[in-house]
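J.: what follows is a predicted structure for the sequence shown.
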Amino acid sequence: MPRSKKQTQEAGPSSGKRKAPSKKTSKQPVTYDDTKFETEGAWLVYKKDTSGRNIIPERRVLISDFANELLGHVIERNKWETFVATPRVAYVEIVKEFYANIHDNLENPEHPNYQQVYMRGQYISFSPLVILRYYGLDDTENNVFEAATTNLDEVVTSICQGIDHWPDGRSTLNYKTLLPQVRTLDKMVSANLLPTTHTSTVTMERARLLHWL
């Protein structure tokens with residue numbers, strides 16, 4: 001008989017932080033464990049996919065490293081001090097289990113576990129509203145999610161210099177095409193909001209976020 005799953009809890013401080021995996025601490029479960037995985041399918045996703053993946057850690061943003069005051073202004077205006085603070089230690093295995101447990105009905109309002117994920121015996125709510133409240137942000141910040149559907153030509157026009165449309169057949173932009181002030185914002189986005197080690201190019205997702213900022 002599977003163990004009973006506890007009531008839903010809201011996401012805590014360790015749910016959103018990432019850290020590079022350690023070979024010494026990464027231990028793949030031998031058999032399906034229902035205290036870690038909601039279903040056997042989630043365990044198989046972990047076993048075949050997420051357990052072997054690297055996790056890109058968040059990096060601290062040092063405002064003093066930038067030549068202008070734009071970044072500091074944006075951080076202060078949007079109350080993002082928590083974003084750019086020194087990242088807390090993350091538990092790599094829990095992060096990987098989190099991604100393995102994300103289910104297909106995550107965004108289905110009619111599903112009993114809408115915007116929830118099963119973690120270590122209980123369901124954790126990690127809706128946009130919960131995340132905003134954790135960071136002390138106003139609910140009106142939800143409009144950031146509209147960035148995901150913004151027309152790419154509009155994005156390019158607002159963040160780039162010398163081009164007015166997304167390059168044909170390309171999935172990324174050259175970092176050098178960004179406006180100088182946007183390059184500053186991209187350093188913060190690449191360090192904290194969408195951590196990446198590939199900073200010479202800008203993905204569509206990152207470009208849309210830069211446009212919203």
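T.: Perfect, I can see it now.
J.: do I have it right that Leu210 meets Val189?
T.: Yes: contact criterion C-beta atoms under 8 Å: Leu210 and Val189 qualify, at 6.4 Å. Bear in mind the C-beta positions are built from the backbone N, C-alpha and C, glycine included.
J.: who's more crowded, those two?
T.: A direct count of neighbours by other C-beta atoms under 10 Å for Leu210 and Val189 places Leu210 higher, at 25 against 22.
J.: ramachandran angles for the closest residue to that one other than its chain neighbours?
T.: Leaving out its chain neighbours, the residue that sits closest to Leu210 by C-beta to C-beta, 6 or more residues apart in numbering is Ile159, at 5.0 Å. Main-chain dihedrals, Ile159, degrees, to the nearest 10: phi -110, psi -10.
J.: what residues does Ile159 make contact with?
T.: Leu178, Leu179, Val182, Ala207, Leu210, His211 (C-beta atoms under 8 Å, 6 or more residues apart in numbering).
J.: change it to 10 Å
T.: Shown in contact with Ile159 (C-beta atoms under 10 Å, 6 or more residues apart in numbering): 173, 177-179, 181-183, 185-186, 202, 206-211, 213.
J.: ok, Glu97 next?
T.: 29, 33, 36-38, 42-43, 45-46, 50-51, 91, 117-120.
J.: closest to the centroid, which residue in this structure?
T.: Leu194 (5.5 Å; C-alpha atoms, centre = their mean).
J.: now the helices for this structure?
T.: 40-48, 70-78, 81-84, 92-101, 128-134, 152-159, 180-188, 204-212 (DSSP state H).
J.: what residues sit buried inside the first one?
T.: Within helix 40-48, the residues that qualify as buried are Ala42, Trp43, Val45, Tyr46, Lys47, counting by 16 or more other C-beta atoms under 10 Å.
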